[in-house]
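> fold the following and give me the result.
(one chain, ligands or ions: 2)
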Amino acid sequence: MTQTFLSVIVPSFNEEENIEPFYFALRDTLSFLQEPWEVIFIDDGSSDATLPLLQRLSVWHQEVQYVSFTRNFGKESAILAGFKHAQGECVIIIDADLQHPVEKIPALLEGYQEGYDQVIACRNRKGENIIRSTVSGFYYKLINKVVDVKLENGVGDFRLLSRRAVDALLVMSEGNRFSKGLFSWIGFEQKVIYYDNVCRKNGQSKWSPAKLINYGIDGIVSFNVRPLRFCLYTGAITLTCALLYIFVMLIEIFRTGIDVPGYFTIISAVLFLGGVQLVSLGVVGEYIGRIYNETKRRPHYLVKETSEQKERQRYEQI
Ligand code: UDP
Ligand code: MG
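Ligands and ions are numbered 1, 2, ... in the order given. Now for the predicted structure:
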């Protein structure tokens with residue numbers, strides 16, 4: 001059997017309008033490629049016609065494969081499943097919604113031929129919702145101050161990875177995966193290519209504001225324990241101030257006697273300390289929650305069916 005050169009991984013969640021246009025655009029782009037390639041769609045528990053479409057495509061086109069999850073496990077799990085099934089010498093991760101321009105794939109492959117293990121496609125945020133782009137810009141500034149890995153604004157999952165890089169990512173078995181951080185953590189030679197932001201034509205983005213906030217928190221707590229240290233320092237500073245205040249007040253009481261009006265001071269101290277304690281507890285809770293999830297060692301996803309299984313069934317029926 002000839003070795004597959006390129007595996008294209010496509011996480012797809014309710015993308016019925018996009019699957020076919022995407023596949024045909026991809027096939028046209030890769031028509032120049034002499035070596036064998038495959039495209040692995042990961043149906044992340046879609047409730048629309050994504051799965052039947054994939055079943056049909058995989059019957060008609062031999063390079064199309066799919067893995068279908070039992071429910072929606074999230075894009076991170078879909079990417080992991082893609083890595084596990086990919087046979088290729090190099091792997092490209094790309095969205096199904098045509099927001100990642102397939103025309104950039106030759107440039108990614110060129111980078112690979114030049115010897116880079118990661119070729120990253122970076123977008124500008126042209127045409128994006130102004131609130132989302134401002135918040136994102138601020139978030140990346142903050143996160144790069146806090147975490148130990150470098151995360152760049154506009155850099156997403158659209159990238160090419162060599163077999164070595166994929167194998168390195170597969171070794172990391174953590175339950176709560178934050179791919180952006182993992183890609184940066186593994187290192188290797190990297191090249192960045194740029195493209196203009198493309199707005200989604202069909203279907204809707206699966207990122208609600210709440211999901212984005214949770215993803216943002218994942219980014220911060222997945223890669224370091226600095227927030228815990230921050231809580232410790234805040235606690236220490238607050239305690240020092242409180243002790244100083246008590247000391248000063250005691251001297252005052254000895255000098256001038258007990259002063260009855262003190263309502264404002266007491267309330268502010270109680271509220272301030274309460275706030276600091278709750279935030280610190282929340283941060284500690286984030287980490288404990290993660291430890292709890294990791295100790296369960298649950299699989300990242302469950303597979304309902306794959307194109308391979310379906311094909312075997314068809315052969316058995318003949
Ligand atoms: N996706 C997925 N599982 C999810 C959410 C999204 O596989 O739970 C896929 C989705 O089908 C798309 C890609 O991940 O191919 C990016 O999702 P989306 O377009 O919603 O994100 P955005 O482009 O807005 O960041
Ligand atoms: Mg999108």
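> ok, now which ones touch Glu38?
Residues in contact with Glu38 (Cβ atoms under 8 Å, 6 or more residues apart in numbering) are Thr4, Leu6, Ser7, Val8, Glu63, Val64, Gln65, Ala86, Gln87, Gly88. All C-beta atoms are positioned from the backbone trio N, CA, C, and that covers glycine.
> dump the residues you listed into CSV; add neighbour count, distance to Ile131 and pLDDT as well.
Shown next, in CSV, are these (neighbours: other Cβ atoms under 10 Å; distance: Cβ to Cβ, whole Å; pLDDT from 0 to 100):
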residue, neighbour count, distance to Ile131, pLDDT
Thr4, 16, 42, 86
Leu6, 24, 37, 93
Ser7, 25, 36, 94
Val8, 25, 32, 95
Glu63, 19, 40, 91
Val64, 22, 38, 93
Gln65, 24, 38, 93
Ala86, 24, 36, 93
Gln87, 17, 42, 92
Gly88, 22, 38, 91
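> for the residues you listed, give me TSV that also has secondary structure and distance to ligand 1.
Listed next are the contacts of Glu38 as TSV, based on DSSP: H, G, I helix; E, B strand; the rest coil; distance: Cβ to the nearest ligand atom, whole Å:
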residue	secondary structure	distance to ligand 1
Thr4	coil	22
Leu6	strand	18
Ser7	strand	16
Val8	strand	12
Glu63	coil	19
Val64	strand	16
Gln65	strand	16
Ala86	coil	16
Gln87	coil	21
Gly88	coil	19
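> what is the nearest of those to Pro52?
The nearest member of those to Pro52, counting by Cβ to Cβ, is Val64 at 13.4 Å.
> that closest one and Arg27: what is the separation?
Note on Val64: its distance to Arg27, by Cβ to Cβ, to the nearest Å, is 9 Å.
> hey, where'd the helices end up in the stretch 101-250 of the chain?
105-113, 130-146, 163-171, 179-186, 209-222, 226-256 (DSSP state H, counting those that start in this stretch).
> what is the fifth one packed up against?
Contacting helix 209-222 under the criterion 3 or more Cβ pairs under 8 Å, 6 or more residues apart in numbering; DSSP states H and E are the following elements: helix 130-146, helix 179-186, helix 263-296.
> dump the residue contacts of Phe230.
Here Phe230 is in contact with Val283 (criterion: Cβ under 8 Å, 6+ apart).
> I should have written Glu15 there, sorry.
Counting by Cβ under 8 Å, 6+ apart, Glu15 has contacts Phe22, Ser46, Asp48, Thr50, Ala96, Asp97, Gly203.
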